[in-house]
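Peer 1: Provided below for reference: sequence and predicted model.
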Amino acid sequence: SKKAKIWRNGSTNELEECHQLLGELETHQDAWPFLQPVNLKTVPGYKKIVKKPMDFSTIREKIINKQYSSGEGFKDDVNLVFDNCERFNEDNSEIGKAGHIMRTFFDKRWTELLKRW
Ligand SMILES: Cc1nnc(-c2cnn(C)c2N)n1CCCn1ccnc1
């Protein structure tokens, strides 16, 4: 059978749980701004202001291509999505509000996962 990958902390399902949590993020009602990469050709200023663009579809590709060596790299990219959102959007804008809601949702679920690893 496929050799289970042992993560640094001994968990064998860390990456699978990240994949499942990504699914929860993608299906959240406030996920709409973050599903696809921001279009750097049509959104004025974004390319200059946001040094490391990130979005949920890119994170999905990275999971599928085994580009995360631990859940930590996954967590860092998810936080990058929300940090980019705060940098480019006012807190009280529609996209800014969605970013805060999604970050709160992620932080709660991530804390729950860490308790289980
Ligand atoms: C994510 C994200 N952060 N800022 C933007 C954005 C795109 N255009 N403008 C004027 C922004 N502030 N986005 C992408 C939002 C993508 N989107 C999807 C449906 N409507 C907007």
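Peer 2: Ah, there it is. Numbers count the residues shown, from 1 in each chain.
Peer 1: which parts of this structure sit against the ligand?
Peer 2: 32-34, 38, 43, 85, 88-89, 95 (C-beta under 6 Å from any ligand atom). In this view, the C-beta of every residue, glycine as well, is placed from N, C-alpha and C.
Peer 1: confidence score at the most centrally placed residue in the chain?
Peer 2: Of all residues in the chain, the one closest to the mean position by C-alpha atoms, centre = their mean is Val78, 2.3 Å from it. Predicted confidence (pLDDT) for Val78: 99.
Peer 1: on that earlier part again, could you tell me which of the residues of the chain next to the ligand count as buried?
Peer 2: Neighbour-count burial (16 or more other C-beta atoms under 10 Å) applied to those gives 33-34, 38, 85, 88-89.
Peer 1: give the contact list for the residue nearest to the centre of the chain.
Peer 2: Residues near Val78 by C-beta atoms under 8 Å, 6 or more residues apart in numbering: 25, 59, 106, 110.
Peer 1: just the ones of those in helices?
Peer 2: Under the assignment DSSP state H, the contacts of Val78 contribute 25, 59, 106, 110 to helices.
Peer 1: tell me which two of those residues sit farthest apart.
Peer 2: Using C-beta to C-beta, the two most remote members of those are Ile59 and Trp110, lying 13.4 Å apart.
Peer 1: comparing those two, which residue is more hemmed in?
Peer 2: More crowded of Ile59 and Trp110, by other C-beta atoms under 10 Å: Ile59, with 24 against 18.
Peer 1: my read: the more buried one touches Leu22, true?
Peer 2: Yes. When contacts are counted by C-beta atoms under 8 Å, Ile59 is listed as touching Leu22 (6.0 Å).
Peer 1: which neighbours do the two share?
Peer 2: Joint contacts of Ile59 and Leu22 (C-beta under 8 Å, 6+ apart) are Phe74.
Peer 1: mind listing what's buried in the helix or strand that contains Leu113?
Peer 2: In this assignment (DSSP states H and E), Leu113 forms part of helix 94-116. Within helix 94-116, the residues scored as buried using 16+ other C-beta under 10 Å are 96-100, 102-103, 106, 110, 113.
Peer 1: in space, what's closest to Pro37 - neighbours in sequence excluded?
Peer 2: Asp55 (4.9 Å; C-beta to C-beta, 6 or more residues apart in numbering).
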